[in-house]
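In: need a structure here:
(4 chains)
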4 protein chains.
Amino acid sequence: MTGARAVASLRETVAGLHRELTRYDLVIWTAGNISARVPDADLMVIKPSGVSYEELGPEAMVVTDLHGRLVEGEFAPSSDTAAHAYVYRHMPEVGGVVHTHSPYATAWSALGEPIPCVLTMMADEFGGAVPVGPFAMIGDDSIGRGIVETLRGSRSTAVLMSGHGPFTVGRDARAAVKSAVMLEDVARTVHLARQVGSPRELDPAAVTRLYERYQNVYGQTGATEEAQ
Amino acid sequence: MTGARAVASLRETVAGLHRELTRYDLVIWTAGNISARVPDADLMVIKPSGVSYEELGPEAMVVTDLHGRLVEGEFAPSSDTAAHAYVYRHMPEVGGVVHTHSPYATAWSALGEPIPCVLTMMADEFGGAVPVGPFAMIGDDSIGRGIVETLRGSRSTAVLMSGHGPFTVGRDARAAVKSAVMLEDVARTVHLARQVGSPRELDPAAVTRLYERYQNVYGQTGATEEAQ
Amino acid sequence: MTGARAVASLRETVAGLHRELTRYDLVIWTAGNISARVPDADLMVIKPSGVSYEELGPEAMVVTDLHGRLVEGEFAPSSDTAAHAYVYRHMPEVGGVVHTHSPYATAWSALGEPIPCVLTMMADEFGGAVPVGPFAMIGDDSIGRGIVETLRGSRSTAVLMSGHGPFTVGRDARAAVKSAVMLEDVARTVHLARQVGSPRELDPAAVTRLYERYQNVYGQTGATEEAQ
Amino acid sequence: MTGARAVASLRETVAGLHRELTRYDLVIWTAGNISARVPDADLMVIKPSGVSYEELGPEAMVVTDLHGRLVEGEFAPSSDTAAHAYVYRHMPEVGGVVHTHSPYATAWSALGEPIPCVLTMMADEFGGAVPVGPFAMIGDDSIGRGIVETLRGSRSTAVLMSGHGPFTVGRDARAAVKSAVMLEDVARTVHLARQVGSPRELDPAAVTRLYERYQNVYGQTGATEEAQ
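Out: Next comes the predicted model:
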């Protein structure tokens, strides 16, 4: 019962969050996907594969276990389900995962280059540079493993998978979406700066102070996700 | 009767798909055009010339034969009708054709340079680089011939006509529109990467594996157009 | 009476066309202005100065003579009225004038560099490169004279005033707006091409053939403004 | 009473102006903030921290004193409140302050480079180049002091804080928002020009003439904020 309610509520949440991806132009056509871990269950709610954004109501969402096997839903889950599932199995603190091909973050992914930390907003949100993960083929655990290993070596909630695109995580799905939105924003701003000059990296000590302050001090409720 | 119903249905479809061109900012003013082959008939449904996007209802669509001669409709057909018709005559597997001047794809066309395959999404969708066709004048079969000859040498459903802009094809009009949308997206992302560095081309064997998997495995119904 | 009706109708037209400037992101805040010549009268209808786009209804439009003196209207006319008036006095074939600070065209203006003709769409619309006019101060006839002298040496309906921005003309206000929309589009596409390579200029003979065909052959009614 | 009415009216104004920030794509998520000085009181009205733009009605606005201490409101004030307050304490002519991370202006901030005055619109609005302020940590008066010291050495109403982003001021909140909108526009146009060439700086004497004319002559009411 409680479990069924939690799933129903997450279907609503995950469906609604997909609208943020289109609002911020992070996805086109049926690309991009968001998932949320079901609390206290080895389950996740994820976008179906190949359904248009207009039709992504709560009832279209898919429930799988944490190996990506279908538990509930009319549609097949996203083709990136295995990567989401791997992240949930190996990062218990993560409650939400987002994948997009947002243009600036994906351009950095194509270059295989981290986004250097040249803005206070990057220090606040990502605690430093946004790291690059390996080139990994779809079809087994390679993508998920690449995400997890890269994130473990960084404060960042975002990783740029080489030749592919960004994945972001958060304590819940909304936080992972925020990370995806902020990532594309800083990916663009730093790209623009690089086009006409050489932006200076911030001093690492300043980055740490900004990051710790932002994660610990600000926000209405002590929650750190929404401060500004 | 069946023919008349098929035409009526395609008028709706083609008119509706033009909204995707404006939604994704692939066209301005009255530019851009979509056509669909009428199944089991030597006919196609195409956008009229010079009608604004607000007025592009089903009744404004034009029916021509596969030499571009007007069969039904109040308006003159698109000035690119001859190119669409040539494609249908020479590529029986094609059911839809789209032409836009979308900015990034057209910039690559102005350069006369293929878009290199540096992203898994390009491998999935286009099976490699997006090829360049010749510079061809309007007024005879030159454009159509250039499209067909270029596509025959490639897995791609998109071709960049030199000094002009992109044409895309698909098994139906929706698939050709999807190709146009994905093309502009990868044209932009690869352009962004090239502005600040040298993106690495993917290994051709990996490209083939990704392409075959995407075309054969994913999607809700075995259809390949919508997977993600 | 006829004159009053013509003015009333042009107030509607000019007010409505300003929505195209915002739709295509050619203007911000209260910037940009459109005017139309009143047929068979030494009058023009023009946007008022400093009124927000939400409030630009027909009744807000201003009527002046062809020296920019207020004839009818609650508001002061646009600060660019003198330039519009000069164009109407010296180019009797012009029925509409548009000025914007659209970003890509204005960037070329800042460089003081013509946009080279590297696309068939530029040949169709502008008959070649888009020319650059002089740097001219506001306050006398300098801007108007710069526009007229530059356009007289070119087939183009658009001119890039150095260090300032684009002005476009047409046989009526809608044609001038179309020129402004197409100008920003080609300014962007050629800019994008230039960022990553060296787009090739089209052969001048091909440019002439494309231009003459487009201006003379296409369109629903023999009108050339709308063909595609 | 009068004070309460002034505060109520400013709550409406400031809430409404935040919509201009989203309309012009100057902010994402909950980033960006606007404040207004309460006339004849040592108070300001400012955006709350971490509230989404959909929920930013008048009642969500926060009132603080000019040291940033909460006077009225359900939410905590913006994390940039100290900077706004410092500006009001030290620049009595300022009635509105805006902070965004708009992409092009922030890119110039990341470079720590002033935007050179290469457009008549920049001369009109900013009276010259847009200056760069120091890199300053959040948490004390450093940011506010950097803003004030930089603006005092310039005619500009905008300052690019190094490694952070732009702040703008105005005689009221609407004027500060206009400055933020115009700033992003010129930051983009000059960036575009720099990408493909070397835009020429305007002659300083011409800049002064344009600035003085625009500030003193144009507009419907003698007000200078809205002319075009």
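In: Could you tell me the phi and psi values at residue A:33?
Out: phi -160, psi 150 (degrees, to the nearest 10).
In: Same question for residue A:166.
Out: phi -90, psi 150.
In: how much space between the closest residue to it other than its chain neighbours and residue A:196?
Out: Leaving aside its sequence neighbours, residue A:166 sits nearest to residue A:105 (CB to CB, 6 or more residues apart in numbering or on different chains; 4.2 Å). (Each C-beta comes from the backbone N, C-alpha and C, glycine too.) Residue A:105 is 20 Å from residue A:196, where distance means CB to CB, to the nearest Å.
In: out of those two, which sits in the more crowded spot?
Out: residue A:105 (29 against 17; other CB atoms under 10 Å in any protein chain shown).
In: Please give the element, helix or strand, for the more buried one.
Out: helix A:103-111 (DSSP states H and E).
In: which stretches of chain A form helices?
Out: A:2-23, A:81-90, A:103-111, A:120-126, A:142-152, A:173-196, A:204-216 (DSSP state H).
In: thought residue A:138 was touching residue B:123?
Out: No. Using CB atoms under 8 Å, residue A:138 is not in contact with residue B:123, being 10.1 Å away.
In: residue nearest the centroid of chain A?
Out: residue A:168 (2.0 Å; CA atoms, centre = their mean).
In: okay, the residue lying closest to residue A:70 once chain neighbours are set aside: pLDDT?
Out: Distance criterion CB to CB, 6+ apart; nearest residue to residue A:70, sequence neighbours excluded, is residue A:64 at 5.7 Å. Here, the pLDDT recorded for residue A:64 equals 98.
In: And for the one 4 residues further on?
Out: In the prediction, the pLDDT value recorded for residue A:68 is 96.
In: Distance check, it against residue A:44.
Out: Relative to residue A:44, and taking CB to CB, residue A:68 is found at 9 Å.
In: just residue A:126 next, same as before
Out: In terms of CB to CB, residue A:126 sits 24 Å off from residue A:44.
In: Who has more neighbours out of these two?
Out: residue A:44 (29 against 25).
In: ok, the more buried one touching residue A:34?
Out: No. With contact defined as CB under 8 Å, residue A:44 does not reach residue A:34; the gap is 10.4 Å.
In: Now the phi/psi pair for the residue lying closest to residue A:172 once chain neighbours are set aside, please.
Out: Closest residue in space to residue A:172, ignoring its immediate chain neighbours: residue A:95 at 4.2 Å, by CB to CB, 6+ apart. Note on residue A:95: backbone dihedrals following degrees, to the nearest 10 are phi -110, psi -10.
In: hang on, the earlier thing: more neighbours: residue A:138 and residue B:123, which one.
Out: A direct count of neighbours by other CB under 10 Å for residue A:138 and residue B:123 places residue B:123 higher, at 25 against 19.
In: Please give me every residue in contact with that one.
Out: Residues in contact with residue B:123 (CB atoms under 8 Å, 6 or more residues apart in numbering or on different chains) are B:117, B:202, B:206-207, B:210-211, B:214.
In: Likewise for residue A:147?
Out: So residue A:147 contacts A:83, A:86-87, A:133, A:159, A:161, A:167, A:169 (CB under 8 Å, 6+ apart).
In: Most neighbours of all those, which one?
Out: residue A:167 (33 neighbours).
In: pretty sure it contacts residue A:102?
Out: No. Residue A:167 is beyond contact range of residue A:102, at 11.3 Å (criterion: CB under 8 Å).
In: re earlier: what do residue A:138 and residue B:123 both touch?
Out: residue B:210.
In: Taking chain A, what residue is nearest to chain C?
Out: residue A:195 (8.1 Å; CB to the nearest CB).
In: That residue: how many residues sit nearby?
Out: 16.
In: Check the one 10 residues further on too.
Out: Other residues within reach of residue A:205 by the criterion other CB under 10 Å amount to 8.
In: quick one: contacts for it?
Out: Counting by CB under 8 Å, 6+ apart, residue A:205 has no contacts.
In: isn't residue A:144 right up against residue A:81?
Out: No. Counting by CB under 8 Å, residue A:144 does not reach residue A:81; the two are 10.0 Å apart.
In: show me where pLDDT drops low in chain A?
Out: Across chain A, the ranges flagged by pLDDT under 70 are A:1-2, A:217-228.
In: about what we covered before: which one of the helices of chain A is the most hemmed in?
Out: helix A:103-111 (a mean of 27; mean count of other CB atoms under 10 Å in any protein chain shown).
In: Kindly calculate the angle that that one makes with helix B:103-111.
Out: Orientation of helix A:103-111 against helix B:103-111 (axes from the mean of the first three to the mean of the last three CA atoms, to 10 degrees) gives an angle of 50 degrees.
In: Can you tell me which helices and strands helix A:103-111 packs against?
Out: Contact analysis of helix A:103-111 by 3 or more CB pairs under 8 Å, 6 or more residues apart in numbering or on different chains; DSSP states H and E lists strand A:158-161, strand A:165-170, helix A:173-196, helix B:173-196 as its packing neighbours.
In: quick one: the third one to chain centroid distance?
Out: What that stands for is helix A:173-196. In terms of CA atoms, centre = their mean, to the nearest Å, the centre of helix A:173-196 is found 12 Å from the chain centre.
In: same thing with the first one?
Out: Taking CA atoms, centre = their mean, one finds strand A:158-161 lying 9 Å from the centre of the chain it belongs to.
In: what do you get for stretch A:193-206?
Out: For stretch A:193-206, the distance to the chain centre is 24 Å (CA atoms, centre = their mean).
In: could I get that stretch in CSV with only the CA atoms?
Out: Extracted C-alpha coordinates of stretch A:193-206, given in CSV (Å, rounded to 0.1, in the frame of the first residue of the first chain):
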residue,chain,number,x,y,z
ALA,A,193,34.2,32.5,-22.6
ARG,A,194,36.6,30.0,-24.3
GLN,A,195,35.5,31.1,-27.7
VAL,A,196,36.9,34.6,-27.3
GLY,A,197,39.6,34.2,-24.6
SER,A,198,41.0,32.2,-21.7
PRO,A,199,38.9,32.3,-18.6
ARG,A,200,40.8,32.0,-15.4
GLU,A,201,40.2,29.0,-13.1
LEU,A,202,39.2,30.0,-9.6
ASP,A,203,41.5,29.4,-6.8
PRO,A,204,40.8,25.9,-5.3
ALA,A,205,40.6,27.2,-1.8
ALA,A,206,38.0,29.7,-2.9
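In: how about stretch A:54-69: buried residues?
Out: Judged by neighbour count using 16 or more other CB atoms under 10 Å in any protein chain shown, the buried positions of stretch A:54-69 are A:56, A:60-64, A:66, A:68.
In: Looking at those, which is nearest residue A:91?
Out: residue A:66 (11.3 Å; CB to CB).
In: What separation do you get for the closest one and residue A:39?
Out: From residue A:66 to residue A:39 the distance is 13 Å (CB to CB).
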